[in-house]
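>>> Structure of the sequence below:
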Amino acid sequence: MGGLNLMMAFEDESDASEFLLNVALWKDWFESVDLWSGQTLAYERIAWLKFHGVPVNLAENKVFDDIASFFGKVVKGSQLSPVDWDLSTSCVGVLVDVGSRVADSVTLKWKGRKFRVWVMEELDDWVPDCLGTLSMRKWRYLLMVLLWGIYVHKNLRRK
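Numbering: from 1, shown residues only. You can find the predicted model right below:
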């Protein structure tokens, strides 16, 4: 559905109710789960932003996250590490409400100097982490979910 919204489906209403009540099953991935009854959702999507031009002496996760916050809500922060080969670039996941790809630049100011930083959106699609780490029992629930009709409202839990 886009952004942090996910539609799930069940074989029948009792399966949907059982899933809703089994908070222990879904709490690691979702902040909330609601039955869908035709609600209208705002357009949202996850954009992976990549930065170029941050001076090495300023290359810190907080700097990359702060730049990303100009474009939307940071949902997966920079994970730059001192062992990375290229400290001048990083990727940050941002929740945006526009359909166009992000391609922009910002000016980073530090000690009276200005540095131009280019921000480009990666073109790969985002897949939630939880889809790669499920037990067989949890996969069965999610497969049921994808087959029938429940709306999981917003907010895949960030890790």
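
>>> And the contacts of stretch 65-83?
With contacts defined as CB atoms under 8 Å, 6 or more residues apart in numbering, stretch 65-83 is touched by 4, 46-47, 49, 51, 54, 59-61, 64, 87, 90-97, 102, 104, 106, 108, 117, 119, 158. Using the backbone N, CA and C atoms, a C-beta is placed for each residue, glycine as well.

>>> Filter these down to just the ones in helices.
N61, F64 (DSSP state H).

>>> Not counting residues beside it along the chain, what's closest to E121?
Distances taken as CB to CB, 6 or more residues apart in numbering place V102 nearest to E121, at 4.1 Å, with adjacent residues excluded.

>>> tally of neighbours for that neighbour?
Counted with other CB atoms under 10 Å, the neighbours of V102 add up to 19.

>>> and if you look at E60?
A count of nearby residues for E60, using other CB under 10 Å, gives 14.

>>> Now the residue nearest to E121. Its backbone dihedrals?
Per-residue torsions, V102: phi -80, psi 130 (degrees, to the nearest 10).

>>> In this structure, mark out all the strands, start to finish.
Secondary structure of the chain (DSSP state E): strands at 6-8, 45-52, 73-76, 91-96, 103-110, 113-121, 150-152.

>>> Go through those strands and pick out the most buried.
Of all the strands of the chain, strand 150-152 carries the top mean neighbour count, a mean of 22, counting by mean count of other CB atoms under 10 Å.

>>> My read is that F19 contacts F30, right?
No. Counting by CB atoms under 8 Å, F19 stays clear of F30, with 10.6 Å between them.

>>> Can you flag the residue of the chain lying furthest from its geometric centre?
Relative to the centre of the chain, the most outlying C-alpha is that of G112, 34.3 Å out, by CA atoms, centre = their mean.

>>> what's the spacing between that residue and D66?
19 Å (CB to CB, to the nearest Å).

>>> same question, W36
Remark: distance between W36 and D66 (CB to CB) = 36 Å.

>>> next one: V75
For V75, the distance to D66 - CB to CB - is 15 Å.

>>> repeat for L95
Taking CB to CB, one finds L95 at 16 Å from D66.

>>> now V74
Counting by CB to CB, the gap from V74 to D66 is 9 Å.

>>> Same question for E11.
In terms of CB to CB, E11 sits 46 Å off from D66.

>>> How about R113?
17 Å.

>>> Pick out the least confidently modelled helix or strand of the protein, by mean pLDDT.
One helix or strand of the chain scores below all others by mean pLDDT, DSSP states H and E: strand 150-152, with a mean of 42.
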